[in-house]
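Peer 1: no FASTA, just this:
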DNA sequence: GCCATGCATGACACCGATGTCATGACACCG
DNA sequence: CGGTGTCATGACATCGGTGTCATGCATGGC
């Protein structure tokens, strides 16, 4: 591959002049510039980043560590593709910054992370973003102080800058919307409580109930480990069966995520229950491949992973440019409710009936 | 960030000796080695790749161009995640080679490819892989001769080394298996014929019919543009409706891919037809998030994108090491049939009945 | 006509690692 | 005891750009 010296020789100028043409810094005569450009074209010259960054002490590279690419073949993917969307958002935020985004994949093995970090440091990345596949706490190896790090979809105990989904608020927004549609008995099939999403979303659910002055009924809240290999579907079936047999059964099933909702569709169908006329279903994530393909399309709340990634990218750029070192706590990201056909807007008379039922029982 | 000189000064040796410790090449005294290692640890030294590769004229980087990450938010993603799996396979094949894989995403804009190629060349990648999201013909800008290129899931007219799915054989394998299960009337809802998959798979379908000496019935083959925005589902409905009304209707619907199969499940349900007892459904891709989650689980054929990627990675390593310059045509990749609950094994009496029906008509 | 000014260009050092060659200290052999 | 080989180490040049400073030439004001 040709160098700046080759170009200089061919154009009959000094290497420095070629450099000036490349970077448009110093003044260059018209004829000289043309000669240089012609020589570059003839040689198919491409500048060496290595040499350049050695002098400049700037790599223009941002490192991205993720399992987005490798973790997809696991037996049953309970998540959507959040990390992928996050990566996408990060790219969008960074593509105008002139930085090159280098993506390293953990190949599904977390223990490779330190190695990947080292590889990135050896490339003298100007910043690092770590993307987790679901909202969780992580513990990365310490970085040298001069390389900024942003955590996306995860957080640590050291207060590293983080961007997180606002699970509590998102769930509250969705439930609030269900209430506005006339629903009063809203079941919530939550995720495992050992993950932040499984803790925060029930809080949001209760926030919304409280705001509407609806009493919280423990019988309508369950944590279901629905993606357990064998028994998951059964657990889900039993839970739903139990809830639908209540004296005042729920009119909507709020699911922990869209994947669970998809499974719930199948179970309800097997039970002979019609969606949405006999019971509504709502999801969480707005994982469009599911939400828009299911019939009827799924009402869900948009956890905008894209935006989350973009925010992480922006945060990192800030840190690199020296702004916003004041670690002002995690950035929380929320998104809109998508109202689709899987939940009925209850007509007033229905609402009244339900209310009566409830009042009769009391 | 500290340099080899800092380490040398702290350890009281020359930079060259530090280099020797780093690369374990020349002989180094025991005490010296320890002193150097201690110094490196104290400074948190990480070698600069830029400087290293300037001398070595080897970057150890392989460039990967793909839309795998960015193209996921399109309104309705008709494909599975093939490109993602391919990328994954490539990474697996390359991770033991000591190469660093740099992934650049097109952000959904093909016209950015030349720019990405340039960025990679400026990093002096030792090889490039271009990954397409579905089997197709592409036309990349020409590369300098000394940088090898491999096309994954696509091909061009210049005979660039390529790795492709063996659509024809895969479809034939699946249909052969259906025939072995006793099915004689097999419908094929193919993809649009303007894509290679839509042309090659019907050939495989007919190969299998011919091998079993079954007559090809044009009424059982349709190209359905099922993911068209509005009318897609209707087209699919009409096609299925027409086929099921035939005098001798099909006992299985072979779908162009798993996504289409998912839609077909919904349509059959709406028609009041039970899967698999009234009609079987088969997919293509083994997109597990769908195939394993649907109820009943989907019989499909595994287009092993992972392996496809791995083959592409291996091919590139060969080219880099100078082997196999003999462009021996594209590498074709196939995979196994996954037999799940969506297709019945017809019992002999059924087979007989069907055969009678057919013979009666003749 | 002289000097200040600005423009176009080049010489040279430097970034950090490593290949080449040289050097000094020993050990071993005849 | 001198010559030769091995080991441990260092001096120096080099990779390909770019920052710094210097130089040569034309222009213009006084």
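Peer 2: Received, thanks. In this text, all values refer to a predicted model and were calculated from it rather than measured experimentally.

Peer 1: Can you get me the centre-to-centre distance for the longest strand that chain A contains and its chain?
Peer 2: If you go by DSSP state E, chain A has its longest strand at strand A:127-137. When distances are taken as CA atoms, centre = their mean, to the nearest Å, strand A:127-137 is centred 9 Å away from the chain's centroid.

Peer 1: Now the helix or strand harbouring residue A:313: average pLDDT?
Peer 2: Secondary structure assignment for residue A:313, by DSSP states H and E: helix A:305-320. Averaged across helix A:305-320, the pLDDT comes to 94.

Peer 1: Which SSE is immediately downstream of that helix?
Peer 2: Next in line after helix A:305-320, if elements are assigned by DSSP H and E, sits strand A:331-333.

Peer 1: Touching that following strand from outside, list them.
Peer 2: Here strand A:331-333 makes contact (CB atoms under 8 Å, 6 or more residues apart in numbering or on different chains) with A:162, A:163, A:164, A:165, A:166, A:169, A:304, A:307, A:308, A:311, A:312, A:315. For glycine as for every other residue, the C-beta is placed from the backbone atoms N, C-alpha and C.

Peer 1: which SSE is the nearest residue to residue A:211 once chain neighbours are set aside in?
Peer 2: Leaving aside its chain neighbours, residue A:211 sits nearest to residue A:176 (6.8 Å; criterion: CB to CB, 6 or more residues apart in numbering or on different chains). For residue A:176, the enclosing helix or strand under DSSP H and E is helix A:167-180.

Peer 1: For that helix, list every residue counted as buried.
Peer 2: Neighbour-count burial for helix A:167-180 flags A:167-179 (criterion: 16 or more other CB atoms under 10 Å in any protein chain shown).

Peer 1: So which elements touch that helix?
Peer 2: Applying 3 or more CB pairs under 8 Å, 6 or more residues apart in numbering or on different chains; DSSP states H and E, we find helix A:167-180 packed against strand A:186-190, helix A:196-211, strand A:252-255, strand A:280-282, strand A:300-301, strand A:337-338.

Peer 1: So for residue B:244, which of the ones you listed sits nearest?
Peer 2: strand A:280-282 (28.7 Å; CB to CB).

Peer 1: Touching the closest one from outside, list them.
Peer 2: In contact with strand A:280-282 (CB under 8 Å, 6+ apart) are residues A:174, A:178, A:183, A:251-255, A:261, A:264-265, A:268, A:275, A:298-301, A:342-344.

Peer 1: before we move on, back to that, mind putting the helices and strands packed on helix A:167-180 into CSV with mean pLDDT?
Peer 2: Compiled in CSV, those are given as follows (pLDDT from 0 to 100):
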stretch, mean pLDDT
strand A:186-190, 96
helix A:196-211, 96
strand A:252-255, 96
strand A:280-282, 96
strand A:300-301, 96
strand A:337-338, 95
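
Peer 1: could these be laid out in TSV, adding distance to residue B:108?
Peer 2: Shown next, in TSV, are the helices and strands packed on helix A:167-180 (distance: least, CB to CB, whole Å):
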stretch	distance to residue B:108
strand A:186-190	35
helix A:196-211	29
strand A:252-255	30
strand A:280-282	30
strand A:300-301	24
strand A:337-338	22
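
Peer 1: Which among the ones you listed is found nearest to DNA strand D?
Peer 2: Proximity to DNA strand D (CB to the nearest atom of the strand) singles out helix A:196-211 among the helices and strands packed on helix A:167-180, at 45.2 Å.

Peer 1: What angle do helix A:167-180 and that closest one make with each other?
Peer 2: 40 degrees (axes from the mean of the first three to the mean of the last three CA atoms, to 10 degrees).

Peer 1: about what we covered before: ok, the residue nearest to residue A:211 touching residue A:214?
Peer 2: No: with contact defined as CB atoms under 8 Å, residue A:176 does not count as touching residue A:214 (10.8 Å).

Peer 1: now the helices for chain A?
Peer 2: A:4-11, A:15-23, A:30-43, A:49-56, A:82-94, A:113-122, A:167-180, A:196-211, A:232-244, A:258-271, A:288-291, A:305-320, A:348-361 (DSSP state H).

Peer 1: Report the separation between the two terminal residues of stretch A:53-62.
Peer 2: Counting by CA to CA, to the nearest Å, you get 14 Å between the two ends of stretch A:53-62.

Peer 1: Give me the contact list for it.
Peer 2: A:49, A:94, A:98-102, A:120, A:123-129, A:316, B:48, B:50-51, B:54.
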